[in-house]
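Participant: I'd like to go over a predicted model; first the sequence, then the structure.
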Amino acid sequence: MPPIRVYPDTSVYGGVFDSEFQSASRAFFNEVRDGRFLLVTSAVAQYEVSRAPDQVQRLFDSLMDITEVADVSDETVSLQNAYIRAGILTSGQSEDALHVAIASTARCALVVSWNFRHIIHFQKIPLFNAVNILEGYD
């Protein structure tokens, strides 16, 4: 069985060093190393990590040899804007919308995040999925 394509946002990398999310983050990355998941990232995540503490940067860099880097294309930006037009997120949350759009255009099965307000929110997930279907990503 091929690994599941997964887009972790930067909160998951930082979660390894946060007592609240450490256990779940470490378990996730162990599953990555075991081949259950294929990491997909982006220049957006790389930029965010570049502003993170050194230990988060080192973790991110240590996984790059088993990580696919997805492009931020016109198609991705169009999907990001569709989320904002649909009212799922505001223009002030455009970076979060971009993470979800990258994951969607890169055909990731899952987005992993500890951002429960804007990305992994029980009311927003069905809305992201609805826009994805309308835009041809199912």
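Facilitator: In hand now; what should we look at?
Participant: Does residue 135 touch residue 79 like I think?
Facilitator: Yes. Assessed by C-beta atoms under 8 Å, residue 135 is found in contact with residue 79 at 5.7 Å. Bear in mind the C-beta positions are built from the backbone N, C-alpha and C, glycine included.
Participant: the more surrounded of the two?
Facilitator: residue 79 (24 against 17; other C-beta atoms under 10 Å).
Participant: Against residue 138, how distant is the more buried one?
Facilitator: Here the criterion is C-beta to C-beta, to the nearest Å. By it, residue 79 lies 13 Å from residue 138.
Participant: Need the residues touching each of these two.
Facilitator: Common contacts of residue 79 and residue 138 (C-beta atoms under 8 Å, 6 or more residues apart in numbering): residue 132.
Participant: Distance of the residue nearest to residue 36 when sequence neighbours are not counted relative to residue 41?
Facilitator: Closest residue to residue 36 apart from its sequence neighbours, by C-beta to C-beta, 6 or more residues apart in numbering: residue 3 at 6.0 Å. Using C-beta to C-beta, residue 3 is found at 15 Å from residue 41.
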